[in-house]
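# my questions concern the predicted model and sequence given below.
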Amino acid sequence: TELEVTHWWTSGGEAAAVAEFAKAFDAIGHKWVDGAIAGSGGTARPIMISRITGGDPMGATQFNHGQQAQELVEAGLMRDLTDLAEAEGWKDLVNPPSLLDSCTLDGKIYCVPVNIHSQQWLWLSNAAFEQAGVAVPTNWDEFVAAAPALREAGILPLAMGQQPWQTTLAFQVILTAILGPEGYTRVFGDKDAEFAGGPEMAEVFQAAATAREMSQGSNVQDWNQATNLVITDKAGGQIMGDWAQGEFQVAGEVAGEDYTCLPGLGVNEVIMTGGDAFYFPKVDDADITQAQEDLASVMMSPETQVAFNLKKGSLPVRGDVDLAAANDCMKKGLDILAEGNTISSPDQLVSPDSLSQINDLFVEFFNDPNLGPEEAQEIFAGLIADAG
Amino acid sequence: MSNGKRPTQLFRNLSAKIAAIPMILTAVVVFVGCSVWTVVYSFTDSKLLPRTNFVGLDQYERLWGTRRWLISIENLAIYGVLSLVFSLLIGFLLAALLDQKIRFEDTFRTIFLYPFALSFIVTGLVWQWILNPDFGVQNIVRGLGWDSFTFDPLYDSSIVIYGVLIAGLWQGTGLVMCLMLAGLRGIDEDIWKATRVEGIPMWKTYLFVVIPMMRPVFITTLVIIATGIVKLYDLIVAQTGGGPGIASEVPAKYVYDLMFQAQNLGQGFAASTMMLVTVVIIVIPWAYLEFGGRKHG
Amino acid sequence: MATIEIRDLRLSFGALDVLKQLNLDIAEGEFIVLLGPSGCGKSTLLNCIAGLLDVSDGQIHIGGRNVTWEEPKDRGIGMVFQSYALYPQMSVRGNLSFGLKNQRLPKAEIEQRIARAAKVLQIEPLLDRRPAALSGGQRQRVAIGRALVRDVDVFLFDEPLSNLDAKLRSELRVEIKRLHQQLENTMVYVTHDQIEALTLADRIAVMRGGVIQQLADPATIYNKPTNLFVAGFIGSPSMSFLDGHITSAGGAPAFRTGDLTVPLAGYDGAVPAADGRAVILGVRPEHVTIGPDGAGGLPATVDIDEPMGSDSLVWMQFAGQTLSARTAPGHGLAAGQQVGLGFDPTRASLFDRDSEQRF
Amino acid sequence: MATIEIRDLRLSFGALDVLKQLNLDIAEGEFIVLLGPSGCGKSTLLNCIAGLLDVSDGQIHIGGRNVTWEEPKDRGIGMVFQSYALYPQMSVRGNLSFGLKNQRLPKAEIEQRIARAAKVLQIEPLLDRRPAALSGGQRQRVAIGRALVRDVDVFLFDEPLSNLDAKLRSELRVEIKRLHQQLENTMVYVTHDQIEALTLADRIAVMRGGVIQQLADPATIYNKPTNLFVAGFIGSPSMSFLDGHITSAGGAPAFRTGDLTVPLAGYDGAVPAADGRAVILGVRPEHVTIGPDGAGGLPATVDIDEPMGSDSLVWMQFAGQTLSARTAPGHGLAAGQQVGLGFDPTRASLFDRDSEQRF
Amino acid sequence: MVGADAVAGRLDGPTGPRPRRALSRRNVILYGTLIVIALYYLLPLYVMVVTSLKGMPEIRLGNIFSPPVEVTFQPWVKAWSEACTGLNCDGLSRGFWNSVRILIPSVVLSIAIASVNGYALANWRFKGADVFFTILIIGAFIPYQVMIYPIVILLREIGLYGSLTGLVIVHSIFGMPILTLLFRNYFTSVPEELFKAARVDGAGFWGIYFRIMLPMSLPIFVVAIILQVTGIWNDFLFGVVYTRPDVYPMTVQLNNIVNSVQGVKEYNVNMAATILTGLVPLVVYFFSGKLFVRGIAAGAVKG
Ligand SMILES: Nc1ncnc2c1ncn2[C@@H]1O[C@H](COP(=O)(O)OP(=O)(O)OP(=O)(O)O)[C@@H](O)[C@H]1O
Ligand SMILES: Nc1ncnc2c1ncn2[C@@H]1O[C@H](COP(=O)(O)OP(=O)(O)OP(=O)(O)O)[C@@H](O)[C@H]1O
Ligand SMILES: [Mg+2]
Ligand SMILES: [Mg+2]
């Protein structure tokens, strides 16, 4: 049966990863019809949603974990996968369990988590620091200290793409690294406005302001172009999620040798358990229903999990798979995951609407040098107070 | 003595009425219906899916308390005013130049008009490329030995909107030129002769005689440009994506992002209602003058 | 108050020769009318004089000065157009003063000139109105005023009255004539309306296909048209033409058509020897007299009667050809009635059939 | 060959009442001309008769049938327009056959009708040309042909000749008249050219502001205009009007203006008692005679002379007012010359100054 | 002087046409300005073409204005048939045919509807027509965003969501205001007497439309076709919102290719793809630009 699957994975590493899904799915006698929509989730999601609400649903579609699809589920447009999940025992397999929780509504499971994305990484070019004559930093503070030397050597300290989500991500990462899991939870989980206006948070904004300075002169649009600056040693480092790893891999670089990765900016080694999940819109056609089920099953299967996540550079959602082939950085991630140093992603904690407001603030802050850290923090505290 | 058997008016011109059904449906169902629907739902707290949970003016309060919206409005205002002024100015200038009985008029006209054939997506991409400081103009000038030259409008949040303007003008002035040229060609040849006999210099003739005579053309053009400005979206998406940061956000993008990305339909509807109001304020007086005042034109 | 001399003027639009070796001398203070059918090059000639068209060859002199290459504004001319060509968004005063301001005349001088022109043209009460708020006649007056204030020696008019209705036209015609008498400027006036030409002109230049056919005073043009074209073009109701040939009747030359003979004694021109030459006889309706049948006149049959108020035009069949006569109204002639015609040979015109020239 | 009756016709465009309670009866085979200044509602009336405008009130009967609500094509009318309105993309034959094809007439019948109309109008050689390749006169003939082939009882003409030049106009005028004599159709003809009206009409309806001012045969309209408007509108050169009042001179009523008295003996109408009433005397130029000064005539001063070829129009100052007289050309009168005038009271018209009605 | 006799009798001084120097100050300024502006307008096209003919190494050297040292058509081939989006690697070619399939019915339908509307409005006014027309015109200026969502619902309700038919209808709806305005203005400028004559001749609504009006409205049809072809071809938003991926038009494909960055941005491929996408409307403009201006004068701008 042909099953149309929409997603927004179009970069080199991502496409290679998706191909693994397709391969596995085709192998069991179905046909994967690829509905890639380029851009980012921001471009693709509206199209997906309008197709689902417009009554012309695809067979399966990617969303991020969290509240993005909640209303679609509530409106009864999404397929209930509880039976399959119970039959395959997902509850026990999925690690951390919070992943499956965000697929669950009223005790029913509506999606298949396929990977865990950790965003909290700083990717550094070893060669760049060599050129600048400084040691490769081991944490954020060292990186900041090395920045002038990099500038001197004509190297951009921090590569940063122009797309808003990248600046948002960087800010989130800095925030998590500085506040630690508790502080993070107080802000996004408890929505503690007082804390958000407090001195710890001020530090975060200060650090972000520093990052803002360090990224002056980074004139690329896409995240992988920024990554490319690091790969080609034109920039010292980049704050980016683990998917950047895929790009290093495609470029044939070796972790630890050509580049260095610092989870949690080397400050607080935590992993935010965001990630991607697949949803299956309700359809009447029995064949397609069957194919959906098969796809869900395939995605969760250990082999596919390994193959997919190796290509994607992300972490598998199952605790029971063996990632011997994983590289240096990925192993670091797995270790952290094993230690249980995880936090939920803001997607899971805050409504998309509030989040977009918060993100707008981060984006603006990063791009507008006239917006001082104090002022930004004040606005931030206000948003947290209103957040739902 | 009166009208014996006046047939019912309904069936007079029946074919015409039948033929106009698509238009009537479009006008009533799509344009009025959809707008009303949008306005109504702007008073709800619809998120991903529309729902009728009315919350009064909350969405509007939130809208006007959002920095991004305010920046969008400001951008639109800057872009709008400059785009109007420069489109008219450049369009008219080009038309006036082409109206000088020049050789190769066709060639020049085609050159000025061809960008209009390209989509905003294409326009945005090309200009993003040309304005990229690492490859484009800045790089070239620096390459010529002018090291301190800086021209990176797309990467400087305080002037990014002017970078967009350059692309927008490039794309749109051709059409304005066409309209103006049509207007100029419609001016009585004798007027030109009269001014020549009187020895009025060319520029004065344009300024004091021709431009005032082209008022209707200007108004039509103005409305076309103005409404295009309100719709400004594709160009931003393709050229800057709203960046750097949110420095080049515009209302249409705000609407789209809120409806589909932030999944806050109510907010998106509120913003689109504001746009609708703006459009209506621009267009209704014009439509009245153009189609209402002149009863039997 | 300046002469205009046009020497060997040639003008072509691409391959189309509109004016061909045209020569014309206009005396000081003369009122010349260029008359001709549409497309004959009248406007083109006028535009050449004004300097609005670049001549292809030849020279133009105004007031003894060779202005062939000069700008319109330097030629000392004023021009009035058929479509008025007023500046629609300026008041009448603005229209009149625009050119003067441009010449940087002192304010007082401008005021004074406008006042004078407004007085001459009786448009004082209109000075603050826009052209849109004026009637056609008033607009045309303003257009004339615009030429007037420029204090020029030569006035050029391009069909200034064709956009007006008959009544206004005849009124303004008188006004223009009066204006000319008052100003004594040289005026060149283009029209295709022969009444305008006949009433206004000191001399008329009848044009056709870019060539002046005849240049003479109105009476000559009317009474002794130089060729068939001029004869047919001038006069309304127009001249009737009879095909025939020359014979001699009792020694004197006569015109013979069908089996009827018209004596030509007293013809104002050189009648060719009676050699059977094919000719055309032109008679104007007002020179045909209608008498009762058999009373010595030439036999004809009444065809249609057109009462025109002050007169009546009677169309008749005469020797198989059509002929019209102007009579007083209420003559009581009915269609089909036989009548006897009389011609006055001294006022007829005789044309060679081949060359179409008048003898 | 059908009567037309118009009863209490009213037509308004929004708030503008164009036709007000208009009544008009047209006899079978009659040639009615609607004459009036621009904007008086002539075309509107014609369009109502044709069914191209929906009347606001009243009825229209054609051939005794109430057609008020019928489609134009069912009214048995043919219409000819000023701008010809030929279908530009069809040949002449296509233009002529379009209406017939719409009626689904058999091919042979269509062919035959076209052949007949083409013969009548002498456009046989043009049948395969496009309108763009025809001259103005030929186009108008085709337009008439289009009405002709429809074999209708009523012909409606809306200023069919205004787009043509004077010469063609007078030719086609005669043709239309001949056509009417031949077909004997009822014809309604709109024009603002009085010569056309006078020459063509059986009866003329002079309109102004949507109201018929006078409906009568041409001679009556010309000689006894019912009011000042009709008097001024008809006649070219137009009637001169003199302000004055009634006195009695030697028992008989007389007209007095300034210090001059014009006897009114023999006036064709009811001259009011000599009560000093303010009146206007209208005299047509051809009824004014000019004699030498002092020879019994009323004293006047020559102002301007307008030679018009066949005649000459002399404008004079008379008792402080302007007056024109038609004379033969070459009369030798110079501006400023004193002359003596003569009026023929039997052919003058006298109007009440207030009501503007003729006595 | 040889021809001295021939011109004997003439006066001296200026004769014949005013001498014009080809390089008069006016001409220098006029043509100078025009050429400079023309260069500005041509620059992006030049950059696109030049870049699309370079190899990636050359592009990295950085000068976008320098002509290609080594001309390669590889980027074009890649853009047309090899570029990938996700797992689909058939470049723009698929989108091209989709666009054609969308374009033709949309153009035909929208122009058919709009021309009949314009005709009805110009010649057969009926009560209320002006009201609907005014709404329609105002509708032209409503931002699409206002209507995207409700139209999704509308199309869903009539079961056309995601189908080509649905998209064709959407294009016809959004093309209607401007086209109707164009046609209405044009038909209004056709002499009313022509219409009256046809009515007297017994032709009805459709008879007059097909036999009289259509044959004489070539210029305005050209304008309408140009506007619609470019508009529909360039459309991105509707294509992406109202259809499904297997019928995505070329612009969406372009966006996918341009935004699917694989490692380094392949500017040459992007430019080639951009030119390919713009080719259809560009060709239309290059060949009918003159008619376009004439038609605009006839339909859009009234004095
Ligand atoms: N700009 C031009 N280009 C080409 N041909 C022209 C141009 N202007 C006029 N002509 C042609 O020159 C001839 C003379 O034109 P002109 O305007 O002088 O005629 P006219 O006598 O004024 O006629 P009308 O009475 O209609 O005004 C015509 O055949 C016309 O078609
Ligand atoms: N469609 C219309 N809408 C509004 N007013 C109109 C319309 N048609 C004509 N009128 C007005 O009706 C009046 C009479 O017009 P009509 O066309 O009948 O005049 P006319 O006597 O034919 O004039 P003309 O000699 O100029 O053709 C005019 O004042 C005109 O402005
Ligand atoms: Mg002319
Ligand atoms: Mg009329």
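Cool, the structure landed. Ligands and ions are numbered 1, 2, ... in the order given.
# ends of stretch B:238-255, what's the gap?
Using C-alpha to C-alpha, to the nearest Å, the gap from the first to the last residue of stretch B:238-255 comes to 17 Å.
# list the contacts for the closest residue to chain D within the stretch 51-200 of chain C?
Nearest to chain D in the stretch 51-200 of chain C, going by C-beta to the nearest C-beta, is residue C:199, at a distance of 3.9 Å. Every residue, glycine included, has its C-beta placed from N, CA and C. For residue C:199, the set of contacting residues under the criterion of C-beta atoms under 8 Å, 6 or more residues apart in numbering or on different chains consists of C:173, C:177, C:218, D:306-308, D:313.
# so it sits in a helix?
Yes - the assignment for residue C:199 by DSSP: H, G, I helix; E, B strand; the rest coil puts it in a helix.
# that one and residue A:290, how far apart?
Relative to residue A:290, residue C:199 is positioned 101 Å away (C-beta to C-beta, to the nearest Å).
# and for residue B:195?
Here residue B:195 is placed at a distance of 82 Å from residue A:290 (C-beta to C-beta).
# more neighbours: the two, which one.
Neighbour totals were compared for residue B:195 and residue A:290, and residue B:195 leads with 25 against 13 (other C-beta atoms under 10 Å in any protein chain shown).
# residue B:205 is in contact with the more buried one, correct?
Yes - contact between residue B:195 and residue B:205 holds when scored by C-beta atoms under 8 Å: they sit 4.5 Å apart.
# check contacts around the residue of the stretch 201-350 of chain C found nearest chain A.
Nearest residue of the stretch 201-350 of chain C to chain A: residue C:210, at 68.1 Å (C-beta to the nearest C-beta). The contact partners of residue C:210, taken as C-beta under 8 Å, 6+ apart, are C:17-20, C:22, C:40-41, C:44.
# ok, and the closest non-adjacent residue to it?
residue C:41 (4.2 Å; C-beta to C-beta, 6 or more residues apart in numbering or on different chains).
# give me the neighbour count for the one you found.
Neighbours of residue C:41 under the rule other C-beta under 10 Å: 23.
# list the contacts for the residue in the stretch 251-388 of chain A that chain D sits nearest to?
Here the residue of the stretch 251-388 of chain A nearest chain D is residue A:353; by C-beta to the nearest C-beta that distance is 52.7 Å. Each residue near residue A:353 by C-beta under 8 Å, 6+ apart is listed here: A:388, B:47, B:258, B:262-264, B:267.
# residue ranges with poor pLDDT in the chain?
I'll assume chain A. Counting by pLDDT under 70, chain A has low-confidence residues at A:39-42, A:65-68, A:322-326, A:388.
# right idea, wrong chain: chain E
Under the criterion of pLDDT under 70, the regions of chain E flagged as low confidence span E:1-11, E:60-62, E:84-88, E:259-265, E:298-303.
# centroid residue for it?
Among the residues of chain E, the one closest to the centroid is residue E:230, at 3.1 Å (C-alpha atoms, centre = their mean).
# enumerate the residues of the stretch 201-303 of chain E near chain B.
E:204-206, E:230, E:233-237, E:251, E:254-255, E:258, E:267, E:270-271, E:274, E:277-278, E:281-282, E:284-286, E:289-290, E:292-293, E:296-297, E:300-303 (C-beta under 8 Å from any C-beta of the partner chain).
# in ChimeraX, how would I select the buried members of these?
Those of those that count as buried under 16 or more other C-beta atoms under 10 Å in any protein chain shown are selected in ChimeraX with:
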select /E:205,230,233,234,235,236,237,251,254,255,258,267,270,271,274,277,278,281,282,284,285,289,292,293,296,297,300,301,302
